[in-house]
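>>> One predicted model, sequence on top.
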Amino acid sequence: MLFTAHQRILFIGDSITDCGRTGDVPPYGNGYVSMVRNLLLARYPHLHLVIINRGVSGNTIRDLAARWDKDVIAQQPDWLSVMIGINDVWRFFTNRPAEGVPLAEYEVTFRRLLDRARSATAARLILMQPYMIETNKDQAMRREMERYAAVVNRLASEYDAILVRTQDAWDAALAHTQPIDWAADQIHPSPAGHAVIALAVLRAIGFEL
């Protein structure tokens, strides 16, 4: 397992990461972050790990940039996990296309935030693919989401980050199920769906039973 004693692990992202932590389920929410935290604390109590959730519903990479210093740099995490990009894409497919973030801007901004984290903290990076719970890879939004996930894949390689293959985890689950089994809108998962994401995180960090 990659984490060591007394380390601070910060998760930042959108509603999938938030999952109620800014509402009625503070401070961890009731999604994948809470699941990962509970399993880490139960399996490795001797490490005294500190888990921090800084997800905010509706965020795009632009929103992360606006709060990066307060919610990341000021926390001085030892590990920083980022999952962002779903709203950046989704907005183009709703009645709010002006709020969508073009791919080039997404990559430039993401890179700037990672550079800032690397220069101002000692954090190692965990980058999580944005995803869509959709079996048809030719569906327009799914196809666009793959382009943003490809940016994350590339950044993970360039920045020596741990890559959480979130979309791959969904594709494996969808080989035996349908999207509606996991989420009504193909984005916001049920508790079982959050477990799919949590397992992807735990596998990436070398969690052992």
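Cool, got the structure.
>>> got a pLDDT number for the residue nearest the centre of the chain?
Nearest to the mean C-alpha position of the chain, counting by Cα atoms, centre = their mean, stands residue 83 at 2.4 Å. The per-residue pLDDT reported for residue 83 equals 98.
>>> So residue 63 sits against residue 56, correct?
Yes: here residue 63 reaches residue 56: they are 6.7 Å apart, a contact under Cβ atoms under 8 Å. Just so you know, the C-beta spots here come from the backbone N, C-alpha and C atoms, and that holds for glycine as well.
>>> how about residue 52, phi and psi?
Main-chain torsions, residue 52, degrees, to the nearest 10: phi -120, psi 130.
>>> again, but for the one 5 residues further on
Dihedral pair for residue 57: phi -60, psi 140, per degrees, to the nearest 10.
>>> ranges for the strands of the chain?
Ranges of strands in the chain, per DSSP state E, are 8-13, 50-55, 79-83, 124-128, 162-164.
>>> For the fourth one, give the mean pLDDT please.
So the one you mean is strand 124-128. For strand 124-128, the per-residue pLDDT averages 98.
>>> Please identify the pairing partners of it and their relative orientation?
strand 79-83 (parallel), strand 162-164 (parallel) (DSSP bridges).
>>> Can you check which of those gets nearest to residue 125?
strand 79-83 (5.6 Å; Cβ to Cβ).
>>> per-residue pLDDT, the residue lying farthest from the centre of the chain?
In the chain, residue 46 marks the outermost C-alpha relative to the chain mean, sitting 26.1 Å out by Cα atoms, centre = their mean. On pLDDT, residue 46 comes in at 98.
>>> surely it meets residue 3?
No: the criterion here is Cβ under 8 Å, and residue 46 misses it with residue 3 at 11.6 Å.
>>> Now do the helices in the chain.
15-18, 32-43, 61-71, 86-90, 103-120, 140-158, 166-174, 191-204 (DSSP state H).
>>> Redo the ones you listed as a markdown table? Include mean pLDDT, mean neighbour count and distance to residue 128.
Putting these into a markdown table (pLDDT from 0 to 100; neighbours: other Cβ atoms under 10 Å; distance: least, Cβ to Cβ, whole Å) gives the following:
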| stretch | mean pLDDT | mean neighbour count | distance to residue 128 |
| --- | --- | --- | --- |
| helix 15-18 | 98 | 23 | 9 |
| helix 32-43 | 98 | 20 | 9 |
| helix 61-71 | 98 | 16 | 13 |
| helix 86-90 | 98 | 25 | 10 |
| helix 103-120 | 98 | 16 | 12 |
| helix 140-158 | 98 | 17 | 7 |
| helix 166-174 | 98 | 19 | 5 |
| helix 191-204 | 98 | 19 | 7 |
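>>> of all those helices, which lies closest to residue 126?
helix 191-204 (6.9 Å).
>>> what's in contact with the closest one?
By Cβ atoms under 8 Å, 6 or more residues apart in numbering, the surrounding residues in contact with helix 191-204 are 16, 19, 30-32, 35-36, 39, 81, 126, 128, 133, 162-166, 168-170, 173, 182-183, 189.
>>> how about a cut-off of 7 Å?
Residues from elsewhere that reach helix 191-204 (Cβ atoms under 7 Å, 6 or more residues apart in numbering): 31-32, 35-36, 39, 126, 162-166, 169-170, 173, 182-183, 189.
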